[in-house]
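In: quick check, what structure comes out for this input:
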Amino acid sequence: MELILQTIANGLIASAFYAIIAVGLSLTFGVMNTVNYAHGEFYMIGAYTVWQLYAIHHWPFFLAVGIATILVGLLGIIVERIIFRPVRGKALSSFIISVGMVFIIQVFVARMWGVGHVKPVPAVFKGALDIFGVTIGWQRVIILPSAVIVFLGFFYFLRNSKWGRALRAVALDSEAASLYGINVNKCAAIALGIGSAMAGLAGALMAPIMSVTPYMGHSVIWTCFVVVIVGGAGNIKGTIIAALVFGYLNTIVSTIFDSTVASIVSSVFMLTFLSIRPQGILGYAEK
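Out: Numbers count the residues shown, from 1 in each chain. As a prediction, the model looks like this:
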């Protein structure tokens, strides 16, 4: 019974982690119709920012997390303006460019801070939460309330703000939105900025838990793509549901076998699911 409860708790934390990253990726795709393969590198930059500010310069942890989130969000806005905007509407070109960004960012970080040496980030919260025989480190526990706060603020922004409604309109039909006077370019910049900020936040929160290296983005980007595709590309609610599914799927398989088998099972599940429902969990079939 304790193993079941422990797996449920671990799966919930993993789902919250995947949701924070994948929702940002889904938002970017929905508004820009662009696959940003460098999303994992934005996650990595968030982790490196916390390592630099918190572990090296001893700034308060949550201040470092906030700066990392804002910094990566601003980077996303710059990248949209300089790199993605000129190739908007060209799916293959934007994908190739984002793959090139992966190598550029990785090489830059490796040259700046070295490769092969894990950057240690000390845990902020010592000890663990122990309830009903379930033990979870406090450093991992904070991911769950952080995800809840982020999504409450995110959905409030989408539903109640001018630019949130504009993002939803552009995601539904960018041409019709532009005819109604919505600035599609600004919406694309906001979408990539918010999506990148979410990736940076996830990396910042996970820095004390995961190994901080120039290649840490590889460990999450494939799972995030799977989550977005199964949830219905560009569908935020579907992405959150898919994050729950794969968070628990990966946790259960990893508990029984290992993380490599979990990745294989996730990929097989995605292919099987899409063969039955190609539009994803909450996506819409094309007519």
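In: going forward, measure contacts between C-alpha atoms and count neighbours the same way
Out: Will do.
In: which residues in the stretch 101-250 of the chain form strands?
Out: 128-131, 134-137 (DSSP state E, counting those that start in this stretch).
In: highest mean neighbour count out of those?
Out: strand 134-137 (a mean of 16; mean count of other C-alpha atoms under 10 Å).
In: before we move on, back to that, mean pLDDT and distance to A47 for the strands of the stretch 101-250 of the chain - can I get that in CSV?
Out: As requested, those are arranged in CSV below (pLDDT from 0 to 100; distance: least, C-alpha to C-alpha, whole Å):
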stretch, mean pLDDT, distance to A47
strand 128-131, 81, 22
strand 134-137, 84, 19
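In: export the ones you listed to TSV and tack on distance to I276?
Out: Shown next, in TSV, are those (distance: least, C-alpha to C-alpha, whole Å):
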stretch	distance to I276
strand 128-131	40
strand 134-137	36
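In: quick one: which of those is nearest R81?
Out: Each of these was checked against R81 via C-alpha to C-alpha, and the shortest separation belongs to strand 134-137, namely 40.1 Å.
In: hmm, who's touching that closest one?
Out: The contact list for strand 134-137 (C-alpha atoms under 8 Å, 6 or more residues apart in numbering) reads E2, L5, Q6, A9, N10, K126, G127, A128, L129, D130.
In: now, which of the residues you listed sits nearest I67?
Out: Using C-alpha to C-alpha, K126 comes nearest to I67 of the contacts of strand 134-137, at 22.9 Å.
In: how about the CA coordinates for the helix or strand harbouring T251, as PDB?
Out: With the criterion set as DSSP states H and E, the secondary-structure element containing T251 is helix 236-256. Presented in PDB, the C-alpha positions along helix 236-256 are these (Å, rounded to 0.1, in the frame of the first residue of the first chain):
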ATOM      1  CA  ILE A 236      -3.800  23.900 -23.300                       C
ATOM      2  CA  LYS A 237      -6.300  21.800 -21.400                       C
ATOM      3  CA  GLY A 238      -5.500  18.700 -23.400                       C
ATOM      4  CA  THR A 239      -1.800  19.300 -22.700                       C
ATOM      5  CA  ILE A 240      -2.400  19.400 -18.900                       C
ATOM      6  CA  ILE A 241      -4.500  16.100 -19.100                       C
ATOM      7  CA  ALA A 242      -1.700  14.500 -21.200                       C
ATOM      8  CA  ALA A 243       0.900  15.700 -18.700                       C
ATOM      9  CA  LEU A 244      -1.100  13.800 -15.900                       C
ATOM     10  CA  VAL A 245      -1.200  10.700 -18.100                       C
ATOM     11  CA  PHE A 246       2.400  10.600 -19.000                       C
ATOM     12  CA  GLY A 247       3.600  11.800 -15.500                       C
ATOM     13  CA  TYR A 248       1.900   8.700 -14.000                       C
ATOM     14  CA  LEU A 249       2.900   6.400 -16.900                       C
ATOM     15  CA  ASN A 250       6.500   7.300 -16.600                       C
ATOM     16  CA  THR A 251       6.500   7.100 -12.900                       C
ATOM     17  CA  ILE A 252       4.900   3.700 -12.800                       C
ATOM     18  CA  VAL A 253       7.100   2.200 -15.500                       C
ATOM     19  CA  SER A 254      10.200   3.700 -14.000                       C
ATOM     20  CA  THR A 255       9.300   2.300 -10.600                       C
ATOM     21  CA  ILE A 256       8.900  -1.200 -12.100                       C
END
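In: much appreciated, bye for now.
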